[in-house]
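Q: after the sequence you'll find the predicted model.
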Amino acid sequence: MTDLEPSRQLHRSRLSDQVAGRIRDEVLTGRLRADAHISQVDWAERLGVSRMPVRDAINQLVAEGVLLQTKNGIATVAPLNTADVHDGYYLTAVLCSMTAKHAASRITPAELESLAHIHEVMLACDPDDRTRLSELNWQFHAHINKASGAPRLLALLRTVSTSIPNSAFLRVEDWPSHALTQHSGILDALRAADPALASDLMFKHIQQGSEPMLTEIDERLGIPS
């Protein structure tokens, strides 16, 4: 089996979706505050893309309610509802626990081998290379989700994912070591074909991983704990 390809600055999906993800992340983590102007020119220069995908991304985020747009086409950041972010993480944990449960009942030996390979590559990765680790983490969870064979759950998960920051774990202290330990347990539960254990471990994994990010968002916005 060949090594996994290294991650790139922008990858995985349509360029406008990737740009939307970057802007969304800045808003949902509180780094872009309410009423901040979102300039097509500035973001195109920042990401090294043309203005068209930025324009499409802005339209997408306006439809999601992340941005507001005036009749003159000026886009600004909408007020952040932190309750939506908290709920988004909780719903993500619930949905991921359900996909893990389904995967434990139907994952194939080949899928288990691929998942184990991702875990091994992650173990060998430089712990300071958070971007690479984040990509591998995404692949680990994507493989489990695909193995669940539950397209409706995955459609719900894609919808919910727009309400949480994509790069949250890049800034969480000791995240790699905690994630790897928890991934190992999830992988063992899948190997043992234990749906209840896989579901429980996945729910705890997502919930525990979200706590530092939620605390950071609340502190940045001055919300008392």
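A: Arrived safely, thanks for sending. Numbers count the residues shown, from 1 in each chain.

Q: got a list of contacts for stretch 119-129?
A: Residues from elsewhere that reach stretch 119-129 (CB atoms under 8 Å, 6 or more residues apart in numbering): 3-4, 132-133, 136-137, 140, 176-177, 180, 183-184, 187. Where you see a C-beta, it was placed from the backbone N, CA and C, and this is true even at glycine.

Q: helix/strand/coil for Asn72?
A: Secondary structure, DSSP: H, G, I helix; E, B strand; the rest coil: Asn72 is coil.

Q: so what's the residue count around it?
A: 5 (other CB atoms under 10 Å).

Q: cross the contacts of stretch 119-129 against helices and list the overlap.
A: Of these, the ones assigned to helices by DSSP state H are Arg132, Leu133, Leu136, Asn137, Phe140, Pro176, Ser177, Leu180, His183, Ser184, Leu187.

Q: now the third one. Nearest residue, chain neighbours left out?
A: Nearest residue to Leu136 in three dimensions, chain neighbours excluded: Met122, at 4.4 Å (CB to CB, 6 or more residues apart in numbering).

Q: tell me the pLDDT at the one you found?
A: For Met122, the pLDDT comes out at 93.

Q: what's the separation between it and Asp56?
A: 33 Å (CB to CB, to the nearest Å).

Q: neighbour-wise, which of these two wins?
A: When Met122 is set against Asp56 and neighbours are counted by other CB under 10 Å, the residue ahead is Met122, at 20 against 16.

Q: so which helix or strand takes in the more buried one?
A: helix 109-124 (DSSP states H and E).

Q: would you put the C-alpha positions of that helix in PDB?
A: Provided in PDB are the C-alpha atoms of helix 109-124 (Å, rounded to 0.1, in the frame of the first residue of the first chain):
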ATOM      1  CA  PRO A 109     -11.600  -6.500   5.900                       C
ATOM      2  CA  ALA A 110     -10.300  -4.200   3.100                       C
ATOM      3  CA  GLU A 111     -12.000  -1.200   4.700                       C
ATOM      4  CA  LEU A 112     -10.500  -2.100   8.000                       C
ATOM      5  CA  GLU A 113      -7.000  -2.400   6.400                       C
ATOM      6  CA  SER A 114      -7.400   1.000   4.800                       C
ATOM      7  CA  LEU A 115      -8.500   2.500   8.100                       C
ATOM      8  CA  ALA A 116      -5.600   0.900  10.000                       C
ATOM      9  CA  HIS A 117      -3.200   2.300   7.400                       C
ATOM     10  CA  ILE A 118      -4.400   5.800   7.900                       C
ATOM     11  CA  HIS A 119      -4.000   5.300  11.700                       C
ATOM     12  CA  GLU A 120      -0.500   4.000  11.200                       C
ATOM     13  CA  VAL A 121       0.500   7.000   9.000                       C
ATOM     14  CA  MET A 122      -1.000   9.300  11.500                       C
ATOM     15  CA  LEU A 123       1.100   7.700  14.300                       C
ATOM     16  CA  ALA A 124       4.200   8.200  12.200                       C
END
